[in-house]
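1. Sequence isn't available, so here's the structure alone:
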Ligand SMILES: CC(C)(COP(=O)(O)OP(=O)(O)OC[C@H]1O[C@@H](n2cnc3c(N)ncnc32)[C@H](O)[C@@H]1OP(=O)(O)O)[C@@H](O)C(=O)NCCC(=O)NCCS
């Protein structure tokens with residue numbers, strides 16, 4: 001059992017510094033320091049912690065920001081970091097932290113939260129898009145330059161920038177007490193949708209095609225590796241191939257007005273597989289809602 005509360009004191013902020021070292025090991029420079037976290041929360045920012053028996057096991061940190069729109073600058077919440085201790089992953093803590101952030105930011109009167117993540121991380125994709133209902137139409141090449149921490153070192157730090165429209169039915173349905181179930185592979189299979197490129201898994205490690213094939217269907221299924229971190233450890237050049245293949249794929253798709261609207265897992269085989277669902281234009285996946 002864990003509980004979630006707002007963190008505002010220097011003593012508890014110190015625990016957040018410590019937890020960052022466990023989640024992103026290896027680069028002291030990249031730890032957001034206590035004084036910065038405190039200043040942020042004294043100025044509209046939010047640091048939420050998940051605790052088990054007074055031990056911190058997860059946190060999410062963000063602050064108010066401005067986005068540029070045709071009507072001028074508009075306030076939003078910029079969610080900068082979320083981390084769950086490696087021993088406590090996949091227990092729903094990340095979801096619960098984002099749900100608490102959603103409640104707090106709505107209370108502040110804002111309707112938009114953005115954050116970035118590596119689009120090759122299947123767990124993050126499933127949590128952010130399928131479970132939380134964020135969408136993506138923005139690809140950022142090498143967003144943070146060459147990163148130094150243990151999770152990110154070595155590859156260009158390309159990121160999806162997500163839009164989480166927190167007052168929409170799409171998001172409310174996913175975060176309600178009885179949440180809408182995530183999209184299932186058999187629903188996708190029944191609809192007749194097929195992946196628009198083939199991933200070669202004959203060696204046991206998924207390999208992308210050399211180039212993105214042409215596409216124009218209204219809905220697209222785009223596969224990524226189910227476990228990119230292990231793939232990166234086993235075959236670093238292949239991880240680079242995946243980075244550049246998916247960069248070409250998403251940049252092309254977003255330029256053609258596709259939006260990433262869902263993420264679906266195929267767990268029917270011995271190896272589980274993960275697919276982004278891209279939708280053309282403004283529409284959402286009505287048939288699956
Ligand atoms: C990303 C992170 C914060 C998520 O926290 P978490 O507590 O593990 O997340 P949750 O348990 O709420 O949700 C994870 C979901 O992904 C699923 N999942 C696990 N592995 C998966 C995979 N390889 N592919 C797809 N989904 C996967 C889990 O089953 C779970 O779904 P479920 O609750 O329906 O079973 C955490 O994994 C983490 O700290 N990662 C390292 C740092 C990071 O990437 N931070 C985010 C960017 S700043």
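-> Good, I have the coordinates. Computed from a prediction, not measured in an experiment: that's the story for all the values here. Residues are numbered from 1 along each chain as shown.
2. Only C-alpha atoms from now on, for both contacts and neighbour counts.
-> Noted.
3. Need the mean per-residue confidence for the longest helix along the chain.
-> Ordering each helix of the chain by length in residues (DSSP state H) puts helix 236-255 first. For helix 236-255, the mean per-residue pLDDT is 97.
4. before we move on, what about stretch 42-58?
-> The model assigns stretch 42-58 a mean pLDDT of 97.
5. go on, stretch 3-20?
-> Stretch 3-20 comes out at a mean pLDDT of 98.
6. What residues of it count as buried?
-> For stretch 3-20, the neighbour count (16 or more other Cα atoms under 10 Å) marks 4, 6-8, 13, 15-17, 19-20 as buried.
7. do the same with stretch 161-178
-> Result for stretch 161-178 [16+ other Cα under 10 Å]: buried residues 161-166, 170-175.
8. which other residues reach that stretch?
-> Residues external to stretch 161-178 that are found in contact with it (Cα atoms under 8 Å, 6 or more residues apart in numbering): 99, 102, 106, 111-117, 131-140, 179-181.
9. out of the residues you listed, who's near the ligand?
-> Contacts with the ligand are made by residue 117 out of the contacts of stretch 161-178, judged by Cα under 6 Å from any ligand atom.
10. Name the single longest strand found in the chain.
-> The longest strand of the chain (DSSP state E) is strand 55-69.
11. rewinding a little: out of the buried residues of stretch 3-20, list just those in strands.
-> With strands defined by DSSP E, the entries of the buried residues of stretch 3-20 inside them are 4, 6.
12. Which of the buried residues of stretch 3-20 fall in helices?
-> Short answer: the buried residues of stretch 3-20 in helices (DSSP H) are 13, 15-17, 19-20.
13. rewinding a little: partner strands of the longest strand of the chain and their direction?
-> Strand 55-69 has the following strand partners under DSSP bridges: strand 46-52 (antiparallel), strand 72-84 (antiparallel).
14. Of the ones you listed, flag the one that's most buried.
-> strand 46-52 (a mean of 22; mean count of other Cα atoms under 10 Å).
15. and that strand, does that touch the ligand?
-> No: shown here: strand 46-52 not in contact with the ligand (Cα under 6 Å from any ligand atom), separated by at least 9.8 Å.
16. Now tell me what touches that strand from outside.
-> 1-8, 16, 37, 40-41, 56-63, 93, 97, 100-101.
17. Show me which of those are buried.
-> Of the contacts of strand 46-52, these count as buried by 16+ other Cα under 10 Å: 2, 4, 6-8, 16, 37, 40-41, 56-63, 93, 97, 100-101.
18. returning to that earlier point: let me know the closest of the buried residues of stretch 3-20 to the ligand.
-> Closest approach to the ligand among the buried residues of stretch 3-20 (Cα to the nearest ligand atom): residue 20, at 9.0 Å.
19. I'd assumed residue 97 was in a strand, is it?
-> No: Residue 97 is assigned helix when assessed by DSSP: H, G, I helix; E, B strand; the rest coil, not a strand.
20. re the thing from before, in strands only, show me the contacts of stretch 161-178.
-> Reading strands off these with DSSP E, I get 112-117, 135-140.
21. So which of those is surrounded by the most neighbours?
-> residue 113 (24 neighbours; other Cα atoms under 10 Å).
22. right, and that residue touches residue 75 too?
-> No: under the criterion of Cα atoms under 8 Å, residue 113 is not in contact with residue 75, lying 9.6 Å apart.
23. Buried ones in stretch 142-151, by neighbour count?
-> 143, 147-149.
24. Report the distance from that stretch to the chain centre.
-> 16 Å (Cα atoms, centre = their mean, to the nearest Å).
25. and that stretch, how far apart are its ends?
-> Length of stretch 142-151, first residue to last, Cα to Cα, to the nearest Å: 15 Å.
26. Just the residues contacting that stretch, thanks.
-> 24-27, 30, 153-159, 229.
27. got it, and stretch 10-19?
-> Residues contacting stretch 10-19 (Cα under 8 Å, 6+ apart): 7, 31-34, 37-38, 49, 56-59, 83, 85.
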